[in-house]
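Trainee: model this:
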Amino acid sequence: MKKSLARQLAKEQGEITYVPEKPCMRGHSLRKVSSGDCVECKRQASRLCIEANREAYNLRKRKERQHRLKQIAEKAKETRKLESLEKRTMRLEKAKINARIWREKNKGNQSVKDAKKKYKLNNPDKQAFHVAKRRALFLKRVPSWLTSDDLWMIKEAYNLAKLRTKLFDFQWHVDHIIPLQGKTVSGLHVPTNLRVVTWKENVSKANKFYLPR
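Mentor: Numbering: from 1, shown residues only. Predicted coordinates:
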């Protein structure tokens, strides 16, 4: 078999790929220096293999990423801090488009709905935390100066409500001492404005404000 001069030259120059004298049987014109394999043919074969074993591939990738999740999240956070407003807008718009396309392709995807339902049932404290946060954000009651410790204390309040519900076998709620939508005064969604009370006390209090005993 005649040796490729282009490959030999690319190897001497330390290149990873090279353009051969003739394209492959599928018309691709880029090969790997190390093996001589067609780059595009190899990529297509890999994609077909992944699609044929998608679940096994996803499971393997999740395991590979598991120990790097914190590092990946921190890197993404730092990258997003430096990105321009234009780039951020484009990224969010692209994410919305991709989500819309996915929903169109997966209408009535029961596995996703079941997973969400199961998560909500197994994590009532986290669900309550996020619902309260969304409501407070909508009402503009989450101050920008909250620290990570403040957020942790807020989550702990919902964890305590979950624990008391389990121990006493009746519902406990996280109450805003000064209501977020009080008639005379409105409070903030901050640790010092939260307390864990029985559901009966929380419902009867509604949006009224009085100092705790």
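Trainee: Just the CA coordinates for stretch 202-210, please, in PDB.
Mentor: As requested, C-alpha coordinates have been extracted for stretch 202-210 and formatted as PDB (Å, rounded to 0.1, in the frame of the first residue of the first chain):
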ATOM      1  CA  ASN A 202     -50.500  29.400  59.900                       C
ATOM      2  CA  VAL A 203     -53.800  29.200  58.100                       C
ATOM      3  CA  SER A 204     -55.700  31.000  60.900                       C
ATOM      4  CA  LYS A 205     -53.100  33.800  60.900                       C
ATOM      5  CA  ALA A 206     -53.300  34.300  57.100                       C
ATOM      6  CA  ASN A 207     -51.900  37.800  56.200                       C
ATOM      7  CA  LYS A 208     -52.300  39.300  59.700                       C
ATOM      8  CA  PHE A 209     -49.300  40.500  61.600                       C
ATOM      9  CA  TYR A 210     -48.700  40.100  65.300                       C
END
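Trainee: Name the residues of it that are buried.
Mentor: Applying a neighbour-count criterion of 16 or more other Cβ atoms under 10 Å, one finds 202, 205 buried in stretch 202-210. In this view, the C-beta of every residue, glycine as well, is placed from N, C-alpha and C.
Trainee: Please list the residues outside that stretch that contact it.
Mentor: Outside stretch 202-210, the residues that touch it by Cβ atoms under 8 Å, 6 or more residues apart in numbering are 173, 175, 177-179, 181-185, 187, 197.
Trainee: between the residues you listed, which is closest to residue 90?
Mentor: Nearest to residue 90 among those: residue 181, at 36.2 Å, using Cβ to Cβ.
Trainee: Distance check, the residue lying closest to that closest one once chain neighbours are set aside against residue 148.
Mentor: Distance criterion Cβ to Cβ, 6 or more residues apart in numbering; nearest residue to residue 181, sequence neighbours excluded, is residue 207 at 5.6 Å. Relative to residue 148, residue 207 is positioned 30 Å away (criterion: Cβ to Cβ, to the nearest Å).
Trainee: got it, and residue 173?
Mentor: Per Cβ to Cβ, residue 173 is found 25 Å from residue 148.
Trainee: Could you do residue 51 as well?
Mentor: Distance of residue 51 to residue 148, computed by Cβ to Cβ: 41 Å.
Trainee: Switch the contacts of stretch 202-210 over to CSV; also include pLDDT, secondary structure and distance to residue 61.
Mentor: Putting those into CSV (pLDDT from 0 to 100; DSSP: H, G, I helix; E, B strand; the rest coil; distance: Cβ to Cβ, whole Å) gives the following:
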residue, pLDDT, secondary structure, distance to residue 61
173, 91, strand, 40
175, 89, strand, 43
177, 88, coil, 46
178, 87, coil, 47
179, 85, coil, 46
181, 75, coil, 45
182, 73, coil, 49
183, 73, coil, 53
184, 78, coil, 55
185, 80, coil, 51
187, 84, coil, 45
197, 92, strand, 45
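Trainee: OK, contacts around residue 159?
Mentor: Residue 159 makes contacts with residue 125, as judged by Cβ under 8 Å, 6+ apart.
Trainee: Many thanks, I have nothing further to ask.
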